[in-house]
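A.B. asks: I'd like to go over a predicted model; first the sequence, then the structure.
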Amino acid sequence: MEGRLKALRLRSNWDDAVLVCAKCSKKLDGGFGPRGRQPLAKALRKHLRLKKGRKARAGIVEVKCLGVCPKGAVTVLNGAASREWLIVPAGMALDAVAAELGLEDQPAA
């Protein structure tokens, strides 16, 4: 039966896949966005005006835990540059976060 199973491929428009630690975000209870109340993933998606799902030009995905647990910050990485992880402190400007992740040059969709 194993020989009959086949992996399926799905297409996405993502140029970048950004992984955001959900555990860090939960500990902060917000910390980003105009009023400082949004989790980083949601605030960054809105700031970059990304479409939903595979149609977006970049994917911002919350993952359970990345294993680095900074105080007062969120661990983030861009899969396109996976050797460099970021520790993003609460309240950091979203323009600066996008620039650090290499997302600032992309046109809004």
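C.D. replies: Received the coordinates, thanks.

A.B. asks: so where is this structure shaky, pLDDT-wise?
C.D. replies: 1-2, 105-109 (pLDDT under 70).

A.B. asks: So which residues of it form helices?
C.D. replies: Applying DSSP state H to the chain gives helices spanning 22-28, 40-47, 94-100.

A.B. asks: quick one, what contacts residue 45?
C.D. replies: residue 60 (C-beta atoms under 8 Å, 6 or more residues apart in numbering). From N, CA and C alone the C-beta is placed, and that goes for glycine too.

A.B. asks: Quick check: the gap between it and residue 62.
C.D. replies: 10 Å (C-beta to C-beta, to the nearest Å).

A.B. asks: rewinding a little: present the helices of the chain as a markdown table; the columns should include distance to residue 71.
C.D. replies: Listed next are the helices of the chain as a markdown table, based on distance: least, C-beta to C-beta, whole Å:
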| stretch | distance to residue 71 |
| --- | --- |
| helix 22-28 | 8 |
| helix 40-47 | 15 |
| helix 94-100 | 18 |
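
A.B. asks: got the contact list for the closest residue to residue 72 other than its chain neighbours?
C.D. replies: Using C-beta to C-beta, 6 or more residues apart in numbering and skipping the chain neighbours, the partner closest in space to residue 72 is residue 90 (5.5 Å). Taking C-beta under 8 Å, 6+ apart, we find residue 90 in contact with 28, 31-32, 36, 72-74.

A.B. asks: at 7 Å what do you get?
C.D. replies: 28, 31, 72-73 (C-beta atoms under 7 Å, 6 or more residues apart in numbering).

A.B. asks: circling back to that earlier point, return the most buried member of the helices of the chain.
C.D. replies: Each of the helices of the chain was scored by mean neighbour count; the highest is helix 40-47, a mean of 21, by mean count of other C-beta atoms under 10 Å.

A.B. asks: Alpha carbons of that helix, as PDB, please.
C.D. replies: C-alpha atoms of helix 40-47 as PDB (Å, rounded to 0.1, in the frame of the first residue of the first chain):
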ATOM      1  CA  LEU A  40       2.500  40.300  15.800                       C
ATOM      2  CA  ALA A  41       1.300  37.900  13.000                       C
ATOM      3  CA  LYS A  42      -2.100  39.600  12.700                       C
ATOM      4  CA  ALA A  43      -0.600  43.100  12.900                       C
ATOM      5  CA  LEU A  44       2.100  42.400  10.300                       C
ATOM      6  CA  ARG A  45      -0.500  40.800   7.900                       C
ATOM      7  CA  LYS A  46      -2.700  43.900   8.100                       C
ATOM      8  CA  HIS A  47       0.200  46.300   7.900                       C
END
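
A.B. asks: Thanks again, I'm all set now.
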